[in-house]
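**Student:** Model the following, please.
(2 chains)
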Amino acid sequence: MKRRNFLRNSLAVLTPTVISGNPIHVLNNHSIVDPEVLAKVDNDRVLVIIQLNGGNDGLNTVLPVNQYGQYYNARTNIAIPEKKILSLNGYSATGLHPAMTSMQRLFNEGQLDIVQAVGYPQPNFSHFRATDIWMSGSDSNEYLNTGWAGRFLDSNYPGYPDNYPNEVDTDPLAIQIGSITSLTCQGPLVNMGMSIADPNSFYNLFDATEQAVPNTNAGYELSFIRRISKQTNKYAARIKAASDAVTQQTVYPNTSLANQLKIVSRLIKGGLKTKIYLVNYGGFDTHANQAVATDTATGTHANLLGAISEAIGAFQNDIKNQEIEDRVIGMTYSEFGRRIKSNASGGTDHGAAAPLFLFGKNVRGGVFGENPTIPTTVTVSDNVPYQHDFRTVYNSILKYWFCVKEADNLQIMLKQYPTLNLINASACAIEMENPVFEKNAMIVAYPNPFSQQSRVEFKTEGGHTLVQLLDASGTVIKLLVDATYNYAGMNSVTIQGGDLKPGVYYIRIQNGVHQYVKTIIKM
Amino acid sequence: MPLSPLTSNLGLEPYQGSWTKQTTTHLLNRVLFGAKQSEVQNFLKKGLNNAVAELLNPTAPLPTPPLNEYNSATVIDAAVAPGTTWINQPTADGTINSLRRASFKKWLTGVMIQQDISIREKLTLFWANHFGTEADTISNANMLYQHHDTLRKNAIGNFKTMIKAVTIDPGMLRYLNGYLNTATAPDENYGRELQELFTVGKDNAVQYAESDVKAAARVLTGWRINASYTSYFDATRHDTGNKQFSSYYNNKIIIGKTGQAGATETDELIDMLFGKTDMAKYICRRLYRWFVYYYIDDTVEKNIITPLAEIFISNNFEIKPVLSALFKSVHFYDQLYIGCQIKSPIDHVIGTLRKTNVIFPDAITDYADAYVHFNNMVSQLTSLGQNLADPPNVAGWPAYYQSPEFHELWINADTLPKRNKFTDLMLETGYTRNGRRVIIDTIGLAKSISSNPADPNQLIQDLFDLLIATDIEQSAKDNLKKQILLSGQTSDYYWTDAWNNYQSNQNTINFNLVNNRLKALIKYIMNLPEYQLS
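**Tutor:** Numbers count the residues shown, from 1 in each chain, chains lettered A, B, ... in the order given. This is a model prediction of the structure:
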């Protein structure tokens, strides 16, 4: 039986592939998503994912202008001077790092979403584990062997790589620029992505007569290498042709990120139907000397942010010129943000939530969510608590950009997540829920500060409602409410203070389009 | 075709089967950067126990250190005479420092190409991957050399001794900001990776707390680097408070100490880490993945990892007994694991050069030419995804930890063609400098590895034995013989005559007749997906 048939005949499983114990390799014989039940996404949309390796310092990227005093106190040695912060039209509370002029321009043109404090309930501070969590879309205590984009592609191109390419699907499903392969595009059977460093320098691989592989691990690996070899040969001509078809591009800065995005633009314009492109840019692990002491608006971190901003600006400019800007959006992410308080080495240690950017003509534009609250007295372990679950961003992209149906989305994301209105409603012609309540009216807690107990009143628009209590490190320590309401209105829950140490805590609510965090103090 | 990786039920019982060319090659391929034919012959005669003992007990002197080969018309390292080593001379000149870093990478490549016949270099690389330091970040070339020297000297020794040495090694202090870690400004970088990556690991069952990272960072405050690139303990920067660890470490408290006694807290911390069985298991898993295969399921965990960890612990963390047990085990020689590793770029590049006996200029007497050729290989390695001494981050190369793909990550649409390009290049043109060419000498190779190169069947068999770890069907070999060595003819004597004619009359025509066919044959073999396995 061919593997494709095998897949079609196998059961759909809704549960994620979770491996407990050692993170080990289990290659499933079944597809996570049942191909028969999924409607194929039929559009020419492209998503460009920019990974910022190392953990970007979100607080020096998107600045809480309305709390400048607390911000400055928390990180005096690296604080950006207030006057140099770039302002954002219509959002006076928030600003951008001075190096990000191109992204400021995009924002003011409505082509940039800033999503505040993106993270997940139990932040992991290991680069590697946190990266896996972001790439797979898992919970912190869950080990997924597939990537979120890999599951999306698997749902649309069942059975890949058997019978691919074919007359309809002529091109790689995803392309990673560079020589590495990422978990993001790992499907249930194989990685759905293909790595290309230079589209012009393909080398024809040898098509040898194949003998059956032995029933050993060498045989297992041999079939993997043969697959890559065939794939490379099959797609090489298409990629080269796409690349050659574009003879003119606007100017890009000469940075590795810009050079990667330049290739992406060329391949899209050149006619590839590839849906997802992955690029990356490293150096964000700024434990020491992230800013020049005498001019904190400059230095390592400023250079990194400048490079991102200029590269994205150049890319948007180019794809506008190429008349493909309607089809393309981009997203940045980093495995975590950094600590609120800077260290004495002029750097910042591993932290929790951080802002992320979506860019493109078809993003909605604006700042989503509130600035994180900076405590007046900051300790070394204090983190930005997450306001937006990163999977709600993925979910929103799938639903509002790739126009994936709700039911299919659940199979890709593996759990129910809300969406945010990050994309222009016209993109999928889906009506977006509009918020009924003001976010800051969603939670009231009194007394606050409290010692014995505090009563939390929260509003729900109906539907699934999550209310969590987070500690100062940004970790969810109590699930106060996890319920589905069939009405809109007011509810309440009580926090018992008995076992809580004095300090800063956060109440987070997630309901419909709302994800909101409120600070509460235990005396 | 296996749909998933397979697991042998065999454990650490001593291998009693016959000691063959295949078992010898398997052992040498894993312990060296690819086994040469002469080495296989040599170790085949020794038998398993002697072979393992010899490979684990290097007798060759440590490699002579890197030289000043970088003086140019514009830059002169005045402190170091050309052709002498720079490792003991500090420099404040950034340009010279970066030239030295480059010199280190060229040198290290040369050391691997001309490795001693023991496990030393492969284990040194294992530790360089384990500790994951990046030359770019250490920046200082002297510290970079010193760091790798520490790894090499401790490679087959005691792991606890090595952890202590690495913890206060200037290169590591620089790399993970240990030198900035002070009582008033603790820097968690080393305290975190020491646990997560270097000792107990961060597998699901390992539940040390975030507070343990902070406590370890506080223990480690005060280590500094002086101007002559040695580390010292500065008690005034040390956090003298007590450090409380979590229940994972049995709520251990390391009592804060003042003065130079503060340095002993580091030993206490290491003792605490080494008290965890998780540590021994984590290291044994990493060794298993490096030397056997990446796939570890419950069976391997039970039959191999747990007993190896016991050996590790009962031998007071000596590395040798662990490897000895592994390399002598029935598990290691199970057919399931023969040829199952996808070669790393280093295995591919260095292995190709070694197996085909490519001759480089002498690294000392002819250092100027030698280092240029080594540098070509540094570039090849980088373009294939393994920038020597500069892994992507502190976790080392993802091929050794990233589930589920592990070493499959080395191979993709970008790197696979480049691998073929490299072997093609080494067969076709090689690299030339000052009229000297570094290239695969196909005829020389055929003569040295084949008992009878005039017999096309024997020659093909010998080439496959040398270059391909898995079995290839006879029909495929016969086809190769016919298509390439016999130019489509069926009689073996076409090749035999061509070979013998060349032996008796080495003119250009005869040379080309033989060389072109041999080149095509070896190119074909090296382009096979099977060549990517070891």
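**Student:** Thought A:Leu466 was touching A:Tyr485, still the case?
**Tutor:** No - using Cβ atoms under 8 Å, A:Tyr485 is not in contact with A:Leu466, being 11.5 Å away. For the C-beta atoms, the positions are set from N, CA and C on the backbone; glycine is no exception.
**Student:** Could you check which of these two has the larger neighbour count?
**Tutor:** Ranked by neighbour count (other Cβ atoms under 10 Å in any protein chain shown), A:Tyr485 and A:Leu466 place A:Leu466 first, with 19 against 15.
**Student:** Then that one would be within a strand, right?
**Tutor:** Yes - assigned with DSSP: H, G, I helix; E, B strand; the rest coil, A:Leu466 falls within a strand.
**Student:** now it: how far from A:Thr494?
**Tutor:** 17 Å (Cβ to Cβ, to the nearest Å).
**Student:** How about B:Arg100?
**Tutor:** 65 Å.
**Student:** For these two, indicate the residue with more neighbours.
**Tutor:** Neighbour count, other Cβ under 10 Å: between B:Arg100 and A:Thr494, B:Arg100 has more, with 25 against 12.
**Student:** who are the neighbours in contact with that one?
**Tutor:** B:Pro66, B:Tyr70, B:Asp77, B:Trp86, B:Thr91, B:Ala141, B:Asn142 (Cβ atoms under 8 Å, 6 or more residues apart in numbering or on different chains).
**Student:** In these, which has the lowest confidence score?
**Tutor:** Model confidence across the contacts of B:Arg100 bottoms out at B:Thr91, which has 93.
**Student:** Helix, strand or coil: sort out the closest residue to that residue other than its chain neighbours for me.
**Tutor:** Distances taken as Cβ to Cβ, 6 or more residues apart in numbering or on different chains place B:Asn97 nearest to B:Thr91, at 5.6 Å, with adjacent residues excluded. Secondary structure, three-state DSSP: B:Asn97 is helix.
**Student:** Isn't B:Asn97 up against B:Ile138?
**Tutor:** No - here B:Asn97 lies out of contact with B:Ile138, judged by Cβ under 8 Å, at a distance of 10.7 Å.
**Student:** quick one, what contacts the closest residue in space to B:Phe291 that isn't next to it in sequence?
**Tutor:** Distances taken as Cβ to Cβ, 6+ apart place B:Arg30 nearest to B:Phe291, at 5.1 Å, with adjacent residues excluded. Applying Cβ under 8 Å, 6+ apart, we find B:Arg30 in contact with B:Lys122, B:Phe291, B:Val292, B:Gln341, B:Ser534.
**Student:** A:Gln248 too?
**Tutor:** Neighbours of A:Gln248 in contact, by Cβ under 8 Å, 6+ apart: none.
**Student:** Am I right that it is in a strand?
**Tutor:** No - counting by three-state DSSP, A:Gln248 is not part of a strand but coil.
**Student:** And the pLDDT at it?
**Tutor:** 93.
**Student:** need the contacts of B:Arg100 in JSON lines with secondary structure, distance to B:Asn189 and neighbour count, can you?
**Tutor:** Shown next, in JSON lines, are the contacts of B:Arg100 (DSSP: H, G, I helix; E, B strand; the rest coil; distance: Cβ to Cβ, whole Å; neighbours: other Cβ atoms under 10 Å in any protein chain shown):
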{"residue": "B:Pro66", "secondary structure": "coil", "distance to B:Asn189": "28", "neighbour count": "26"}
{"residue": "B:Tyr70", "secondary structure": "coil", "distance to B:Asn189": "31", "neighbour count": "22"}
{"residue": "B:Asp77", "secondary structure": "coil", "distance to B:Asn189": "32", "neighbour count": "21"}
{"residue": "B:Trp86", "secondary structure": "coil", "distance to B:Asn189": "29", "neighbour count": "26"}
{"residue": "B:Thr91", "secondary structure": "coil", "distance to B:Asn189": "26", "neighbour count": "18"}
{"residue": "B:Ala141", "secondary structure": "helix", "distance to B:Asn189": "22", "neighbour count": "24"}
{"residue": "B:Asn142", "secondary structure": "helix", "distance to B:Asn189": "22", "neighbour count": "22"}
